[in-house]
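In: I need the structure of the sequence given here:
(one chain, ligands or ions: 1)
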Amino acid sequence: MFIDELVKRIKEKKSNVVVGLDPRIESIPKIVKDQCFEKYGNTLKAVGKAILGFNKEIIDYVYDIVPAVKPQIAFYEQYGLEGLKAYIETCKYAKEKGLVVIGDIKRGDIGSTSEAYSNAHLGNVNIEGVIHETFAVDSITVNPYMGGDTLEAFIKEINEKDKGMFVLVKTSNKGSGQLQDLEVAGKKIYEVVAELVDEIGKQSLGKCGYSSIGAVVGATYKEQSKSLRKKMPKTYFLVPGYGAQGGTAEDIIHCFNEDGLGAVINSSRGIIFAYKNAGYTEEKYGEAARTEALKMRDAINKVLIANGKCYY
Ligand SMILES: O=c1ccn([C@@H]2O[C@H](COP(=O)(O)O)[C@@H](O)[C@H]2O)c(=O)[nH]1
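Out: Predicted coordinates for the structure are as follows:
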């Protein structure tokens with residue numbers, strides 16, 4: 001099952017770090033961009049090629065020290081088909097390198113439309129008997145705020161094809177409380193969503209004891225993560241908000257269970273553009289990303305060990 005694979009890789013690499021592949025063309029080093037712009041001009045194709053070249057180098061530098069990557073599809077989609085080609089090729093390359101791929105797509109709609117999203121991002125399409133995989137990755141993020149029925153198509157695909165999903169519960173952004181923290185019948189809305197995710201997750205438990213249906217819980221909400229961890233003991237958390245958004249290793253400690261498992265922590269800008277930190281040059285962007293991913297891994301492991309939560 002998806003979750004068993006993820007836990008296996010976490011233990012193998014002794015790392016809970018997810019590298020967010022959110023390429024911003026303005027931050028991709030000139031040495032990568034120039035080559036593509038010289039060959040293809042100022043075109044969407046040039047951008048797509050630059051993104052792919054950049055991502056491959058990052059993957060080469062981190063694949064042996066992290067369990068997973070999380071490409072955020074928006075950074076690709078904005079460049080149309082050329083961007084989406086780069087997304088597909090990035091996911092394929094990461095998988096070839098043994099990484100779990102979590103597509104951050106935040107989809108969700110009425111049942112029949114969710115089914116189409118699910119075919120695109122977890123399953124496949126059947127063209128008169130010929131099966132094609134389009135964007136299929138190991139796991140995706142989904143938005144449940146249209147209601148539980150919108151998740152059914154994804155759950156079906158997860159159970160039939162050993163895939164996973166992380167459902168938005170308490171997001172990392174500053175404004176997440178505006179709607180998610182509203183109270184209904186004595187409970188916050190995100191707590192109601194947490195109960196829903198915990199319940200549907202029972203259908204997809206792996207041998208490791210966790211479910212392939214996980215939750216997105218922001219690193220920027222320490223107290224909320226503590227109560228959510230208790231409410232959802234078998235739900236794996238995907239935790240964005242580390243680094244660039246201010247989350248630290250201390251902030252995410254409650255996302256983990258006593259077994260030291262239960263959460264993967266994402267950092268995107270903080271890792272892939274670490275070459276901008278003092279002491280690096282543009283050429284060393286891959287090395288800088290590796291150093292930053294190791295630093296993050298060690299900081300998290302240190303806090304886990306200090307709290308008696310070692311998982312390896
Ligand atoms: O609550 C959420 C859900 C998703 N994200 C995504 O995670 C990364 C964070 O990027 P950083 O550069 O590390 O800030 C990005 O893809 C977001 O879309 C989130 O931040 N919060």
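In: mind listing the strands for the stretch 201-312 of the chain?
Out: In chain order, the stretch 201-312 of the chain shows strands spanning 211-217, 235-239, 263-267, with DSSP state E, counting those that start in this stretch as the criterion.
In: For residue 311, give me its contacts.
Out: Contacts were defined as Cβ atoms under 8 Å, 6 or more residues apart in numbering; by that measure residue 311 touches 10, 11, 16, 259, 260, 261, 304. Placement of C-beta: from N, CA and C, glycine included.
In: can you do 7 Å?
Out: 11, 259, 260, 261, 304 (Cβ atoms under 7 Å, 6 or more residues apart in numbering).
In: Nearest to residue 157 among these?
Out: For the contacts of residue 311, the residue nearest residue 157 by Cβ to Cβ is residue 261; the value is 24.3 Å.
In: Go ahead and confirm the closest one touches residue 6.
Out: No. The criterion here is Cβ atoms under 7 Å, and residue 261 misses it with residue 6 at 9.7 Å.
In: Neighbour count: these two, which is higher?
Out: In this comparison of residue 261 against residue 6, neighbours counted by other Cβ atoms under 10 Å, the higher total goes to residue 6 at 27 against 22.
In: For that one, give me the pLDDT.
Out: Looking at residue 6, its pLDDT reads 98.
In: hang on, it in a strand?
Out: No. When classified by DSSP: H, G, I helix; E, B strand; the rest coil, residue 6 is found to be helix rather than part of a strand.
In: residues contacting it?
Out: Shown in contact with residue 6 (Cβ under 7 Å, 6+ apart): 67, 68, 100.
In: picking that back up, I'd like the strands of the stretch 201-312 of the chain written out as JSON lines, with mean pLDDT and mean neighbour count added.
Out: Formatted as JSON lines, the entries for the strands of the stretch 201-312 of the chain read as follows, by pLDDT from 0 to 100; neighbours: other Cβ atoms under 10 Å:
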{"stretch": "strand 211-217", "mean pLDDT": "98", "mean neighbour count": "28"}
{"stretch": "strand 235-239", "mean pLDDT": "98", "mean neighbour count": "28"}
{"stretch": "strand 263-267", "mean pLDDT": "98", "mean neighbour count": "27"}
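In: between those strands, which gets nearest to residue 96?
Out: Across these, the minimum distance to residue 96, taken as Cβ to Cβ, is reached by strand 263-267, at 20.4 Å.
In: Adding distance to the ligand and pLDDT, write the contacts of residue 311 out as TSV.
Out: Formatted as TSV, the contacts of residue 311 follow (distance: Cβ to the nearest ligand atom, whole Å; pLDDT from 0 to 100):
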residue	distance to the ligand	pLDDT
11	24	98
259	24	95
260	22	96
261	21	98
304	20	97
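In: Buried ones from those, can you make that a ChimeraX selection?
Out: In ChimeraX, the members of the contacts of residue 311 classed as buried (16 or more other Cβ atoms under 10 Å) are selected with the following command:
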select :260,261,304
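In: how about the helices in this structure?
Out: 2-13, 30-40, 44-62, 74-77, 80-96, 111-121, 152-161, 177-180, 189-201, 222-231, 269-272, 285-306 (DSSP state H).
In: Let me know which of those is tucked in deepest.
Out: Among the helices of the chain, ranked by average contacts under mean count of other Cβ atoms under 10 Å, first place goes to helix 269-272 (a mean of 24).
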